[in-house]
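# Just the structure for this:
(2 chains)
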Amino acid sequence: AQSVTQPDIHITVSEGASLELRCNYSYGATPYLFWYVQSPGQGLQLLLKYFSGDTLVQGIKGFEAEFKRSQSSFNLRKPSVHWSDAAEYFCAVDDYKLSFGAGTTVTVRA
Amino acid sequence: NAGVTQTPKFQVLKTGQSMTLQCAQDMNHEYMSWYRQDPGMGLRLIHYSVGAGITDQGEVPNGYNVSRSTTEDFPLRLLSAAPSQTSVYFCASSLTTPGAGIYEQYFGPGTRLTVT
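Below is the predicted model:
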């Protein structure tokens, strides 16, 4: 069965600094991969998705993610964080059902 | 489009009570699902449906029932609430089924349930 690991439970970053969130998956074939964001008290919103092709995927809100098959990783990045990026971020893999990682909470300090 | 709507937003139940969490979507999506979200565990799939009249169990189905009589609605029933069912519940829908190719799940705003 597939699994998704997000090694960082909580990350604190200064506004304007870069952000990288890690995601590792365990899956036999090339997976469909997603990053979702959940703002406090809200539902989940899709940031970006990877199905095939270019391994660098652009998403909404200035986020991007890179699929690295050799490392079984799909890390999320943003060059310059805004205070509104404070949220919980979930990586997910699709194997005929969507499996989520435990999430990474991002705190942005002024 | 309203997207995916859920009611109620908040609910408090006593142990042993039953209730139904409502979910509706107006995007004509075939696939609908229910998740529960607990701290440190991400989202776990409870039940899902690939179309009207077809439902199946997910990862954590015990204590919950679902039905899908229409494309639009996918209610989740708690048969006899237990404190372990205290959680935030999310309904989601998508045009196609997972694994079937390009698809994206749209999530409702969630229902926060407390069982005392």
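# which intervals of chain B have sub-threshold pLDDT?
B:98-102 (pLDDT under 70).
# residues from it in reach of chain A?
B:4, B:33, B:35, B:40-45, B:48, B:58-59, B:90, B:92, B:97-99, B:101-105, B:107-110 (Cβ under 8 Å from any Cβ of the partner chain). To be clear about C-beta, it is placed using only N, CA and C from the backbone, and glycine gets the same treatment.
# Quick test: name the residue nearest the centre of chain B.
B:W34 (2.5 Å; Cα atoms, centre = their mean).
# pretty sure it is touching B:Y64, no?
Yes. Taking contacts as Cβ atoms under 8 Å, B:W34 lies within contact range of B:Y64: 7.4 Å.
# Quick check: neighbours shared by these two?
Here B:W34 and B:Y64 have B:46-47, B:76 as joint contacts, going by Cβ atoms under 8 Å, 6 or more residues apart in numbering or on different chains.
# Can you give the distance of stretch A:20-31 from its chain's centre?
Relative to the chain's own centre, stretch A:20-31 is displaced by 10 Å; criterion: Cα atoms, centre = their mean, to the nearest Å.
# do the same with stretch A:94-109
Distance, centroid of stretch A:94-109 to centroid of chain: 6 Å (Cα atoms, centre = their mean).
# List phi and psi for residue 17.
Going with chain A. phi -80, psi 170 (degrees, to the nearest 10).
# oops, chain B please
phi -70, psi 160.
# That one - nearest residue in space that isn't next to it in sequence?
B:A81 (5.1 Å; Cβ to Cβ, 6 or more residues apart in numbering or on different chains).
# just so I have it, where are all the strands in chain B?
B:4-7, B:10-13, B:19-25, B:31-37, B:43-51, B:54-57, B:64-66, B:76-78, B:87-94, B:106-107, B:111-115 (DSSP state E).
# mind putting those in JSON lines, distance to A:V57 included?
Formatted as JSON lines, those follow (distance: least, Cβ to Cβ, whole Å):
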{"stretch": "strand B:4-7", "distance to A:V57": "24"}
{"stretch": "strand B:10-13", "distance to A:V57": "36"}
{"stretch": "strand B:19-25", "distance to A:V57": "26"}
{"stretch": "strand B:31-37", "distance to A:V57": "23"}
{"stretch": "strand B:43-51", "distance to A:V57": "21"}
{"stretch": "strand B:54-57", "distance to A:V57": "30"}
{"stretch": "strand B:64-66", "distance to A:V57": "33"}
{"stretch": "strand B:76-78", "distance to A:V57": "32"}
{"stretch": "strand B:87-94", "distance to A:V57": "19"}
{"stretch": "strand B:106-107", "distance to A:V57": "19"}
{"stretch": "strand B:111-115", "distance to A:V57": "31"}
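# Just name the most buried of the ones you listed.
Of all the strands of chain B, strand B:31-37 has the most neighbours on average by mean count of other Cβ atoms under 10 Å in any protein chain shown, namely a mean of 25.
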